[in-house]
Structures are given as C-alpha cells and as structure tokens.
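Undergrad: predicted model, plus sequence, below.
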Amino acid sequence: MKTTLKMLAPERVENNERWNDLVGKSVRIYPNPKAQKKLIMKENKAKAGIYLWTNLTNGKCYTGSSVRLSERLSDYFSPRNLEIQLQKGKSAIYSAILKHGLANFKLEILEYCVSSEAISREQYYIDLLKPDYNILNIANSRLGSKHTEESLAKIKNAYLNRTEEHKAKMTEHLAKLHASNIGRKHPHTEKSKAKIGAASLSRWQMAEYRAKIIASMEGKTHSEQSKAKMSANKLGIPKSEEHKLKISLSQPNRKSIIVTNLETNVSIEYASIREAAREMNETNVTLGKYLKNSEIFRGVYLIKAKGAL
C-alpha cells in the first residue's frame, strides 16, 4: 500500500486548509529522489525555486529555496557532505536524511520563481507549512542557530591548519572574484546609498567606535606602493569648489592667506597657503618662505596671513 502524507500526518492535512490547498499542486514531484537523481538534476538545472522534502516515515518536512536548484539539491545526495555540514552546525533535515535515508523521503518543487523572489517565496511557505525540520523561522537567516563549542573549535582548527595548496586556491578564487567585479556598476539605489552613508556617519560619531578604529590602525604603515597609488589617485581627481570649501571648513585652525598686488592694490583671499601656491603656479614651501619673511614675491606680491598686521 502506498504511504501518503495524509496517512502520516492526518491532523495536519485535515485541520489545515492551507495544506489542503497545497496538496497535489507542486510543479514537480519526485516520490523516489534517490532513484530519480539524474532526472532531478536535469529538470531543475539553471532554475530558481522553492523545494520541499517530506519524510515518509513520520510526515515531517523541510522547505528551502535556491537560485540554482540543481546545485543546491545535489548537496542532499552526498552523505559525506551532510556529515561535514553537521560538523559545522546543527541541521534537522541533514540529520534526518542520514538517519532514514533518501529512500524514505519525497522531494517536491513547490514552485519556480525569479531569483530575486526566491527568499520571499521561501518565507511564504515557511509561514504556510511551519515545517518541522526548519530550525530557523526566517528564510536565509542564521537567527536562532548556534555552533557548538566543538564545531567552533573544528572550524578554527581547519582555518589555522590550511595547506599551502588550499591558501593558493583561495587567493586565486578571490582574485577571480575581484576581476569579475571590475567595471560593474554599484548595485545600491540612491536611497540605499543614503541609508548606508547615514549609518556609517552615525557609527563614526560614537566615541567608542572611533577609538576602536584608531586603535586598530596603530603601528600600521602604508607600503611605498600604496603611497604611490594614493598619490596618483589624488592627482587624477580634480576637486570641485564645494569640495575645497569642505576641506577648508574641516580644518578650522588653518589660516587664510591674503595676496596683494602692490601695483594694482588688488587683494585676493585664499583658504590656505597651498591653494594660493597652486593658483600662482608655485610650491607652497616657496610661498611659505615669503610669508614668513614678509618679503615681496616676484617683486609685486605681498603675502600675509589673514588678520596679520
């Protein structure tokens, strides 16, 4: 006789109208996933959607989502992978599959969807079905999930004892990720950028946060290569008048400079000695000497600090 969900959990099917509405409406049903692995991989390749595992021995279930269903579902077919994942943290569905075997599970694809909606649709089914094997009540979240002390120790030990080959592979992988992001437009909207900026400013205004950042930088120095890059970046980025004003206002102790043409008696005020030197096509060091010694620059310009006699 064929085992059905109604036989395993009659109170859930009989008393929950939502379950009644769902029964038989899955877009794909695999009653024997262990024997149907190839078909599962083929039919769900390059698709995003929501899936449901049901334990045929007790009626308990688990719902999840993925933007690459075939890749995600393939994880459940590897006992070794499930064991490794359980060493990192608890998972009711992984433990159940290892205990009962995939032969005692049914797999359903509840629906296919666009990638951007996968998490919200998973949350819909978590709220709808309240699946027993979902430890977390929030889709795509670790909220409520904790690593055991033993698993934390294993994770730390594995990280500290990485082989040179593994380190090289990780370096290569990160380099590829970096290269793939070059030229990519920023994904944030103007609204989200404003929120991120406000949050960052709010954190920086906290004395404790600033102290931690400053403390973390103590003893650190830039390499000559980094200094050269920063210098090149500064030279290649023209500053707007608004930017110059902000820089000036952020340095209240900086004195403005008054340059007077003694022939025309016209005076021009500059925010700093650097700005005056730049406008006069001269180095700020040279201009500073004329300021300090009250000498006439180029035989015609008198340079004074604002407020000086």
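TA: Perfect, I can see it now. Since the structure is predicted, the reported quantities are computational estimates derived from the model, not experimental observations.

Undergrad: mind giving me the domain split of the protein?
TA: 5-149, 257-305 (automatic domain parsing).

Undergrad: just put the ones you listed in TSV and tack on distance to residue 203, mean pLDDT and mean neighbour count.
TA: To be clear about C-beta, it is placed using only N, CA and C from the backbone, and glycine gets the same treatment. Output for the domains of the chain, formatted as TSV (distance: least, Cβ to Cβ, whole Å; pLDDT from 0 to 100; neighbours: other Cβ atoms under 10 Å):
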stretch	distance to residue 203	mean pLDDT	mean neighbour count
domain 5-149	22	81	16
domain 257-305	29	82	14
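
Undergrad: which among these is found nearest to residue 157?
TA: domain 5-149 (11.1 Å; Cβ to Cβ).

Undergrad: just checking, what packs against the longest helix belonging to the chain?
TA: Criterion DSSP state H: the longest helix present in the chain is helix 164-181. Counting contacts by 3 or more Cβ pairs under 8 Å, 6 or more residues apart in numbering; DSSP states H and E, there are no secondary-structure elements packed against helix 164-181.

Undergrad: what are the contacting residues of that helix?
TA: Applying Cβ atoms under 8 Å, 6 or more residues apart in numbering, the external contacts of helix 164-181 come out as residue 162.

Undergrad: distance from the chain centre to that helix, please.
TA: 17 Å (Cα atoms, centre = their mean, to the nearest Å).

Undergrad: so for that helix, what's the average pLDDT?
TA: In this model, helix 164-181 has a mean pLDDT of 73.

Undergrad: how about the secondary structure of residue 40?
TA: Following DSSP: H, G, I helix; E, B strand; the rest coil, we place residue 40 in the helix state.

Undergrad: how about the strands of the stretch 101-250 of the chain, start to end?
TA: 105-112 (DSSP state E, counting those that start in this stretch).

Undergrad: that older thread, quick one: the domains of the chain as JSON lines, columns for distance to residue 157 too.
TA: Formatted as JSON lines, the domains of the chain follow (distance: least, Cβ to Cβ, whole Å):
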{"stretch": "domain 5-149", "distance to residue 157": "11"}
{"stretch": "domain 257-305", "distance to residue 157": "54"}
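
Undergrad: so for residue 196, which of those domains sits nearest?
TA: The nearest among those, by Cβ to Cβ, is domain 5-149 at 19.9 Å.

Undergrad: then stretch 126-143 to CSV, C-alphas only?
TA: C-alpha atoms of stretch 126-143 as CSV (Å, rounded to 0.1, in the frame of the first residue of the first chain):
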residue,chain,number,x,y,z
ILE,A,126,7.7,28.5,5.9
ASP,A,127,4.8,30.6,7.3
LEU,A,128,2.3,28.5,5.5
LEU,A,129,3.5,25.0,6.3
LYS,A,130,5.5,25.5,9.5
PRO,A,131,7.8,22.7,8.5
ASP,A,132,9.2,20.6,11.4
TYR,A,133,12.8,20.4,10.1
ASN,A,134,13.2,24.1,9.6
ILE,A,135,15.2,25.1,12.7
LEU,A,136,15.1,28.8,11.6
ASN,A,137,11.8,30.6,11.1
ILE,A,138,13.3,33.3,8.9
ALA,A,139,14.4,32.4,5.4
ASN,A,140,18.1,32.8,4.5
SER,A,141,18.9,33.6,8.1
ARG,A,142,21.2,32.2,10.9
LEU,A,143,18.9,33.7,13.6
